[in-house]
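Student: Let me see the structure of the following:
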Amino acid sequence: MSHIAGRVLVTGGARGIGRAIAGSLIETGAEVVVFDQVTPKELDCNFIQVNLADPIATEEALKNALSSGEINRLVNNVGIVKPALLEDSSISDFESVMNVNVQAAILCTKALLPGMRATQFGRIVNIASRTILGKPLRTNYSASKGALVSLTRTWALELAKDHITANTVCPGPIATELYLNANPPESPRTKASLANIPLGRIGKPEDIANAVLFFLDKNSDFITGQTLHICGGSSVGRVDF
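Tutor: Take a look at the predicted model:
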């Protein structure tokens with residue numbers, strides 16, 4: 001049983017992995033704040049509609065969320081992909097991916113830090129991706145997710161003195177709307193990718209939620225700066241025998 005109390009902010013918590021994380025947190029008794037552009041269905045949370053690509057709107061949403069009290073746990077989950085080969089990638093796509101996937105994480109973390117420091121307790125979990133190890137069509141996305149891993153390691157060092165931990169979860173192929181849109185099931189590339197998962201199945205959003213709850217637990221206080229791949233073994237290698 002996870003030991004998670006108080007308020008938790010989950011960005012991009014209305015669908016897919018974010019919704020699974022938010023739902024699992026609610027089951028533990030946590031008070032969940034969700035930032036997203038779409039309303040989460042059948043989720044008993046404090047929902048704040050916001051375009052996280054817009055820094056001004058993000059800062060306003062953070063002020064709104066914090067007006068009800070401090071938030072000492074944060075899941076930086078929101079993300080967009082915009083797949084393209086290197087030669088087809090655009091600077092505008094790069095900027096939009098970085099704004100959502102990285103800039104929003106920095107803004108949210110900075111806003112919550114004063115409360116975490118005041119209580120000398122905090123948990124930060126950044127959701128990156130197995131694509132940090134390399135995947136075609138992911139120049140912009142892998143750059144943004146690699147940045148999150150580096151930020152995690154830096155924050156772990158800077159915030160340790162305040163008893164604030166920062167860790168990263170890297171999902172492999174997970175059956176979400178985002179994944180299926182970027183990886184059409186009929187695509188030979190998608191079929192080849194799924195065939196290389198040693199555990200023989202695509203992941204579920206709940207697989208990621210389980211890992212996130214572990215890092216958010218109050219008892220996970222000696223774990224920081226770590227990167228955990230939840231990928232069915234695909235980050236390790238292929239099964240060829």
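Student: Mind naming the longest strand for this structure?
Tutor: Criterion DSSP state E: the longest strand present in the chain is strand 164-171.
Student: how about it as PDB, C-alpha atoms only?
Tutor: Only the C-alpha atoms of strand 164-171 are listed here, as PDB (Å, rounded to 0.1, in the frame of the first residue of the first chain):
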ATOM      1  CA  ILE A 164      13.200  16.600  -2.100                       C
ATOM      2  CA  THR A 165      13.700  13.600  -4.500                       C
ATOM      3  CA  ALA A 166      13.600  13.700  -8.200                       C
ATOM      4  CA  ASN A 167      13.300  10.600 -10.400                       C
ATOM      5  CA  THR A 168      12.500   9.700 -14.000                       C
ATOM      6  CA  VAL A 169      10.200   7.000 -15.400                       C
ATOM      7  CA  CYS A 170      10.800   6.000 -19.000                       C
ATOM      8  CA  PRO A 171       7.800   4.200 -20.600                       C
END
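Student: Give the other helices and strands that it contacts.
Tutor: Applying 3 or more C-beta pairs under 8 Å, 6 or more residues apart in numbering; DSSP states H and E, we find strand 164-171 packed against helix 104-119, strand 122-127, helix 139-159, helix 205-216, strand 227-230. Using the backbone N, CA and C atoms, a C-beta is placed for each residue, glycine as well.
Student: List the pairing partners of that strand within its sheet, with orientation.
Tutor: If you go by DSSP bridges, strand 164-171 pairs up with strand 122-127 (parallel), strand 227-230 (parallel).
Student: Quick check: which of those is buried the most?
Tutor: Counting by mean count of other C-beta atoms under 10 Å, strand 122-127 has the highest mean neighbour count of the strands paired with strand 164-171, with a mean of 26.
Student: any idea how far Ile208 is from the residue lying closest to Leu52 once chain neighbours are set aside?
Tutor: Counting by C-beta to C-beta, 6 or more residues apart in numbering, Ala104 is the residue found nearest to Leu52 once chain neighbours are left out, at 4.1 Å. According to C-beta to C-beta, to the nearest Å, Ala104 stands 18 Å off from Ile208.
Student: Please apply the same query to Ala57.
Tutor: 26 Å.
Student: more neighbours, those two?
Tutor: A count of neighbours by other C-beta atoms under 10 Å puts Ile208 above the other of Ala57 and Ile208, at 26 against 14.
Student: Just the CA trace of the worst-scoring helix or strand of the chain on mean pLDDT, in PDB.
Tutor: Here the helix or strand of the chain ranked lowest by mean pLDDT, DSSP states H and E is helix 177-182, holding a mean of 77. Extracted in PDB, the C-alpha atoms of helix 177-182 (Å, rounded to 0.1, in the frame of the first residue of the first chain):
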ATOM      1  CA  GLU A 177      -4.100   7.300 -27.700                       C
ATOM      2  CA  LEU A 178      -0.800   9.200 -28.000                       C
ATOM      3  CA  TYR A 179       1.200   6.100 -28.800                       C
ATOM      4  CA  LEU A 180      -1.400   4.600 -31.200                       C
ATOM      5  CA  ASN A 181      -1.600   7.900 -33.100                       C
ATOM      6  CA  ALA A 182       2.200   8.100 -33.500                       C
END
